[in-house]
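Asker: give me a model of this one.
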Amino acid sequence: RYQPTVAVPWEGAFAERLKAQGIRVAGMDVKSLTLGDLHPSCVLGNVHQALRFALSLKDFLEEEEVALVHANSYRIGIPCSLAAGWAGIPVVWHVRDIATTRGKMRVVDLLAWFLASRVIAISKAVSDRLVISSTKTVTIYNGIDSQAFARASGGARVREELGISPSTVLIGNVGQFIPW
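Answerer: Numbers count the residues shown, from 1 in each chain. Below is the predicted model of the structure:
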C-alpha cells in the first residue's frame, strides 16, 4: 500500500484540502522547466533553477524512500525525472498539454521517451503527438462525474443571457492559458 506525499510550492487552500484528506504535504521550492523564452540567458537561468530543485528533490526522495514519482505535467516532469533517475526511482509523466509549435512538441516527446518510465496522456489528441514515446504512453481520460455538476435550474438564467435555446446542449469549459 502506498502513502501519497504531494510536493507543493506554497501552503494554501490546495495543501489544506490535501491535509484534510490525510495526505502528507511537503513544502518545496518547486521549479519547473519551461520552453518559453529561448534566449540564452533565460534558458541558463531556467535550467539552473530546475537543476537546483532536482538536486533537493533527489535528497527528499531518498530520505523519504519514495517508490514512485508522479509528475503532473511535462514541465515539472523534467526536473522530477532527473531527481528520480539519480535516486533510481521510476517516474510517470502526466501530459495534459499540446505544445503550441511542432518543434516544442517534438522536444516534449523526446524528453518523455528519454526521461519518463511511463507517460499518461489525457486524450487521444495528446497521445497522437507523442510519437517517439508512444511505447511508454497510455491514454487515460480525465473522469468527470456529471451528476456532481447537475443543476436543478438547467442553466435557464445563463441560457437566457446568452440567447441559447433550452433544447441546445450547452457545455462549459474552464482552462488556463500559459505561455510556452
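Asker: can I get the helix or strand hosting Ala125 in PDB, CA atoms only?
Answerer: Using DSSP states H and E, Ala125 falls within helix 124-128. Extracted in PDB, the C-alpha atoms of helix 124-128 (Å, rounded to 0.1, in the frame of the first residue of the first chain):
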ATOM      1  CA  LYS A 124      -6.100  10.800 -28.000                       C
ATOM      2  CA  ALA A 125      -5.100  14.200 -29.400                       C
ATOM      3  CA  VAL A 126      -2.200  14.400 -26.800                       C
ATOM      4  CA  SER A 127      -1.300  10.800 -27.300                       C
ATOM      5  CA  ASP A 128      -1.200  11.200 -31.100                       C
END
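Asker: what comes up buried for the helix ranked longest in the chain?
Answerer: In the chain, assigned by DSSP state H, the helix with the most residues is helix 40-63. The neighbour-count check on helix 40-63 (16 or more other CB atoms under 10 Å) flags 46, 49-50, 53-54, 56-58, 60-61 as buried. The C-beta positions use only the backbone N, C-alpha and C, and glycine is treated the same way.
Asker: report the distance from it to the chain centre.
Answerer: Helix 40-63 sits 17 Å away from the centroid of its parent chain (CA atoms, centre = their mean, to the nearest Å).
Asker: tell me the average confidence for the following helix or strand past it?
Answerer: Per DSSP H and E, the first helix or strand lying C-terminal to helix 40-63 is strand 69-71. Average pLDDT, strand 69-71: 93.
Asker: so which elements touch strand 69-71?
Answerer: Secondary structure elements in contact with strand 69-71, counted by 3 or more CB pairs under 8 Å, 6 or more residues apart in numbering; DSSP states H and E, are helix 74-87, strand 91-95.
Asker: of all the ones you listed, which one comes closest to Ser133?
Answerer: Among the helices and strands packed on strand 69-71, the nearest to Ser133 by CB to CB is strand 91-95 (8.7 Å).
Asker: what about the helix or strand following that closest one, distance to the chain center?
Answerer: Remark: after strand 91-95, the chain's next helix or strand is helix 102-115, criterion DSSP H and E. Helix 102-115 sits 15 Å away from the centroid of its parent chain (CA atoms, centre = their mean).
Asker: could you list the low-pLDDT ranges of the chain?
Answerer: Applying pLDDT under 70 to the chain flags residues 31-43, 45, 151-154, 176-180.
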